[in-house]
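Peer 1: Need a 3D model of the following:
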Amino acid sequence: MAIVVMILGESGTGKSASLRNFKPDELAVVNVIGKPLPFRSKGFTTLNSDTYSDIRKFMNKTDRKSIVIDDAQYLMANEFMRRAREKGYEKFTEIGQNFWDLINYCRKLDDETIVYFLQHTETSSDGSTTKAKTIGKMLDEKVTLEGMFSIVLKTVVDDDGYHFSTRNSGQDTVKSPVGMFETDLIPNDLKLVDDHIRDYYDLKPSGPVQAQEDPIEEPGGKYLDINAPHVGIVDDDTPLMGKTEYGRIKAVLNQKGIEDEELRGVVADKGIYPFETPISDYDPDFIDYLIENINKIYGAIVAKRDPLA
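Peer 2: Residues are numbered from 1 along each chain as shown. This is a model prediction of the structure:
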């Protein structure tokens, strides 16, 4: 049985942007309304359609183990607009039934697949809760949509940037399994979420398994034993051109929520540079290595923050 995940959030709060760190061979995208993604194209396997039969065929055919249905609520909204002249309430039942059927179909995909429903939000009828946006009351009254998902995350935007909320606030429908995420807020990085889910449930990686590379020798003949492959958050599409070496890595650290001293601590633990050495004094090639392997380094830092996590 596949895992279905809901990502909630208002327009412009980072749902689609969270796909940016997937590689083309890791992700298939159902683009319900055919809008361009908010970053340079990665060449994802993509279906531009709001037709349920086409979506089911696409998901059944793809060999990608991570699938995103972007703007999923428009499956209901578009069907409603096409049937707006129909009289009576039967159409609302059918619209709800079609969406419900799709979720259940996704759950029947193979065990290594994760399907993400990216969904807009609305306020519940009593004004108490932020929930997934639907059409009419059929789904709300007969089915709690989020109840069909074991993981529901919600976008959060604050002065520090864009995040996903992993725990319920008492006024939303957010939920995640105990111990899957270390903090209430995580970066709005769906690849990071995908890695956490696969690690938690012991699933295979979303893309082809890469052969383990030999460790890279760093200044002083020591090894930074992070066991990469290069799974960092920076790639050729990331706008870091024109920055100094320190500026480049500082932008990455800010995005991941890593403090300078935390990175210096990991580097010092490996005997590469003393803790007192400023990052700006690191060899440029070593900075490139750190950027390419930032996700592995982030994992080491999280472990140091809470050894019991």
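
Peer 1: Run through the residues that contact the residue nearest to Asp260 when sequence neighbours are not counted.
Peer 2: Nearest non-adjacent residue to Asp260, counting by C-beta to C-beta, 6 or more residues apart in numbering: Ile279, 5.9 Å away. Using the backbone N, CA and C atoms, a C-beta is placed for each residue, glycine as well. Contact analysis of Ile279 by C-beta atoms under 8 Å, 6 or more residues apart in numbering lists 246, 249-250, 260, 263-264, 287.

Peer 1: and those, which are buried?
Peer 2: Among the contacts of Ile279, those classed as buried by 16 or more other C-beta atoms under 10 Å are 246, 249-250, 263-264, 287.

Peer 1: Make CSV out of the residues you listed and add pLDDT, distance to Gly271 and secondary structure.
Peer 2: Output for those, formatted as CSV (pLDDT from 0 to 100; distance: C-beta to C-beta, whole Å; DSSP: H, G, I helix; E, B strand; the rest coil):
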residue, pLDDT, distance to Gly271, secondary structure
Tyr246, 76, 22, helix
Ile249, 85, 20, helix
Lys250, 85, 23, helix
Leu263, 90, 15, helix
Arg264, 90, 13, helix
Ile287, 85, 18, helix
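
Peer 1: which parts of stretch 253-263 are buried?
Peer 2: Under 16+ other C-beta under 10 Å, the buried positions of stretch 253-263 are 253, 255-258, 262-263.

Peer 1: for stretch 157-177, same thing?
Peer 2: Quick answer for stretch 157-177 (16+ other C-beta under 10 Å): 162-166, 172-176.

Peer 1: so where do the strands sit in the stretch 151-300 of the chain?
Peer 2: Secondary structure of the stretch 151-300 of the chain, counting by DSSP state E, counting those that start in this stretch: strands at 151-158, 161-165, 185-187, 217-218, 222-223.

Peer 1: is it possible to export the ones you listed to a markdown table including distance to Asp54 and mean pLDDT?
Peer 2: Compiled in a markdown table, the strands of the stretch 151-300 of the chain are given as follows (distance: least, C-beta to C-beta, whole Å; pLDDT from 0 to 100):
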| stretch | distance to Asp54 | mean pLDDT |
| --- | --- | --- |
| strand 151-158 | 26 | 96 |
| strand 161-165 | 29 | 95 |
| strand 185-187 | 32 | 95 |
| strand 217-218 | 50 | 42 |
| strand 222-223 | 49 | 38 |
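
Peer 1: just so I know, which of those lies nearest Glu10?
Peer 2: strand 151-158 (7.2 Å; C-beta to C-beta).

Peer 1: And the closest one, what's buried?
Peer 2: Buried residues in strand 151-158 (16+ other C-beta under 10 Å): 151-156.

Peer 1: Return the member of those nearest to Gly9.
Peer 2: Lowest distance from Gly9 to the buried residues of strand 151-158 (C-beta to C-beta) belongs to Thr155, with 3.1 Å.

Peer 1: and Asn78, how many neighbours?
Peer 2: Per other C-beta atoms under 10 Å, the neighbour tally for Asn78 reads 17.

Peer 1: Hmm, Thr46 is touching Asn31, no?
Peer 2: Yes - the criterion here is C-beta atoms under 8 Å, and Thr46 meets it with Asn31 at 5.7 Å.
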